[in-house]
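Asker: Please work out how this folds:
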Amino acid sequence: MMTGVPRPIVAIIGISSQLGPALMTALHHANLDVVGLSRSRATAGRCPIHVYTNGTLPPDPPLPQISALISLAPLPGIEAVVRLASHMGARRVIAFGSTGVFSKAASTSDVERDFVRDQLAAEHTFTSLATTNNFHWTLFRPTMIYGADTDQNVSFIRSMIRRFRAFPIPIGARGLRQPVHVEDLADACVKVLNNPAAFNRAYNLGGGEVIEYAEMVRRICRADGISPRLVLIPGIVYRWLVRMASRLPSLGYLSETMVDRMFVDLTTDNAEAQHDFGYAPRRFQPPGRVATPD
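Answerer: Residues are numbered from 1 along each chain as shown. This next block holds a predicted model:
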């Protein structure tokens with residue numbers, strides 16, 4: 001048995017994000033060492049943290065040479081990510097975008113159109129810099145992410161249910177959803193790290209099940225041991241309620257465009273990821289106080 005052979009090191013940018021802990025665990029299970037890169041002194045348990053500013057790292061302490069870098073940071077900051085990857089010797093970079101580049105493309109919201117423009121520009125920058133810096137890239141565009149209890153979708157619904165024992169839905173909102181669990185995204189990262197079939201490719205990643213918005217809410221209720229109670233509200237009233245709620249500091253991210261999306265299907269096709277690296281996400285299984293079967 002060989003001893004003293006260093007294990008490959010993978011760096012994670014954005015390790016304090018909702019996907020960070022699951023990714024760190026998945027990499028450790030794959031017998032890989034992990035180093036975290038953060039803009040602050042994030043707590044990451046078994047992982048050493050290096051703080052960076054404007055895409056640069058301090059020279060001390062000495063930084064390890066890494067085999068790959070996985071970025072969980074917002075994609076428009078990809079230039080700084082590439083600088084860090086190059087500085088640490090990475091020849092493999094994985095980054096995350098969003099399927100919102102498709103679902104928000106026709107939005108009437110200036111904010112959402114700006115989001116799409118910035119994401120597409122960042123995708124182009126990522127692929128161009130990969131060629132210039134001679135590393136293999138992979139881009140993941142996930143659908144609605146859940147599982148870490150820090151998202152603004154499942155966690156928001158759960159907080160409403162726990163507080164009011166019910167959840168309001170606008171009449172006629174039957175948009176389809178395909179939530180993807182953080183552990184399935186972490187597993188995808190591990191599977192593509194050294195898989196040439198996934199080099200220089202972009203993949204849309206959804207969960208293993210497509211369900212209506214109302215059914216998603218019902219499952220979140222059942223996961224908490226609460227009998228599902230959906231309150232149907234006329235759309236114009238629902239929009240007014242959202243507009244009022246968005247004035248609260250803790251709910252400032254709410255908008256009327258989010259109401260519009262409750263009527264729209266937000267799904268994707270996992271076929272390419274299934275073919276190239278065996279992507280097999282779970283059905284929608286929201287965490288909660290009580291685990292109950294469907």
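Asker: which residues touch Arg239?
Answerer: Neighbour list for Arg239: 170, 256, 259 [criterion: CB atoms under 8 Å, 6 or more residues apart in numbering]. For glycine as for every other residue, the C-beta is placed from the backbone atoms N, C-alpha and C.
Asker: Of those residues, just the buried ones, ChimeraX syntax please.
Answerer: To isolate the buried ones among the contacts of Arg239 in ChimeraX, judged by 16 or more other CB atoms under 10 Å, type:
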select :170,259
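Asker: least trustworthy position among the contacts of Arg239, going by pLDDT?
Answerer: Among these, Glu256 has the lowest pLDDT, at 84.
Asker: pretty sure that residue is touching Met244, no?
Answerer: No - taking contacts as CB atoms under 8 Å, Glu256 lies outside contact range of Met244: 11.2 Å.
Asker: and the longest helix anywhere in the chain, average pLDDT?
Answerer: Longest helix in the chain by number of residues (criterion: DSSP state H): helix 110-133. Mean pLDDT, computed over helix 110-133, is 95.
Asker: for the stretch 151-294 of the chain, which spans come out with low pLDDT?
Answerer: 289-294 (pLDDT under 70).
Asker: Can you show me the helices along it?
Answerer: Ranges of helices in the stretch 151-294 of the chain, per DSSP state H, counting those that start in this stretch, are 154-164, 182-192, 213-223, 235-245, 256-261, 271-277.
Asker: Out of those, which is closest to Ala202?
Answerer: Ala202 lies closest to helix 271-277 among the helices of the stretch 151-294 of the chain, at 9.1 Å (CB to CB).
Asker: For that closest one, buried residues please.
Answerer: 272-273, 276-277.
Asker: before we move on, the earlier item: in CSV, list the helices of the stretch 151-294 of the chain along with distance to Met144.
Answerer: Below are those laid out as CSV (distance: least, CB to CB, whole Å):
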stretch, distance to Met144
helix 154-164, 8
helix 182-192, 11
helix 213-223, 9
helix 235-245, 18
helix 256-261, 10
helix 271-277, 16
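Asker: Gly36: which of these is closest?
Answerer: helix 182-192 (14.3 Å).
Asker: quick check, nearest of the contacts of Arg239 to Leu232?
Answerer: Closest approach between the contacts of Arg239 and Leu232, by CB to CB: Pro170, at 7.6 Å.
Asker: Next, count neighbours for the closest residue to the closest one other than its chain neighbours.
Answerer: Closest residue to Pro170 apart from its sequence neighbours, by CB to CB, 6 or more residues apart in numbering: Tyr238 at 4.1 Å. Counted by other CB atoms under 10 Å, the residues lying close to Tyr238 total 20.
Asker: Tell me the bridge partners for the residue minimising distance to the centre of the chain.
Answerer: The residue lying closest to the centre of the chain (CA atoms, centre = their mean) is Ile145, at 5.1 Å. Beta bridges link Ile145 to Val180 when assigned by DSSP bridges.
Asker: Does it touch Ala22 like I think?
Answerer: No - the criterion here is CB under 8 Å, and Ile145 misses it with Ala22 at 10.2 Å.
Asker: intersection of neighbour lists for these two?
Answerer: Common contacts of Ile145 and Ala22 (CB under 8 Å, 6+ apart): 182, 185.
Asker: so where do the helices sit in the stretch 1-150 of the chain?
Answerer: Secondary structure of the stretch 1-150 of the chain by DSSP H, counting those that start in this stretch: the helices cover 20-29, 78-87, 100-103, 110-133.
Asker: So which bits of the third one are buried?
Answerer: It refers to helix 100-103. So helix 100-103, judged by 16+ other CB under 10 Å, has buried residues 100-101, 103.
Asker: Need the contact partners of that helix.
Answerer: Residues outside helix 100-103 that contact it (CB under 8 Å, 6+ apart): 112, 115-116, 119-120, 123, 141, 261, 264, 266, 268.
Asker: List only buried entries from those residues.
Answerer: Buried members of the contacts of helix 100-103, counted by 16+ other CB under 10 Å: 112, 115-116, 119, 123, 141, 261, 264, 266, 268.
Asker: Out of those, which comes closest to Asp33?
Answerer: The nearest one, if we look at the buried ones among the contacts of helix 100-103 relative to Asp33 and count by CB to CB, is Arg141, at 27.7 Å.
Asker: Many thanks, have a good one.
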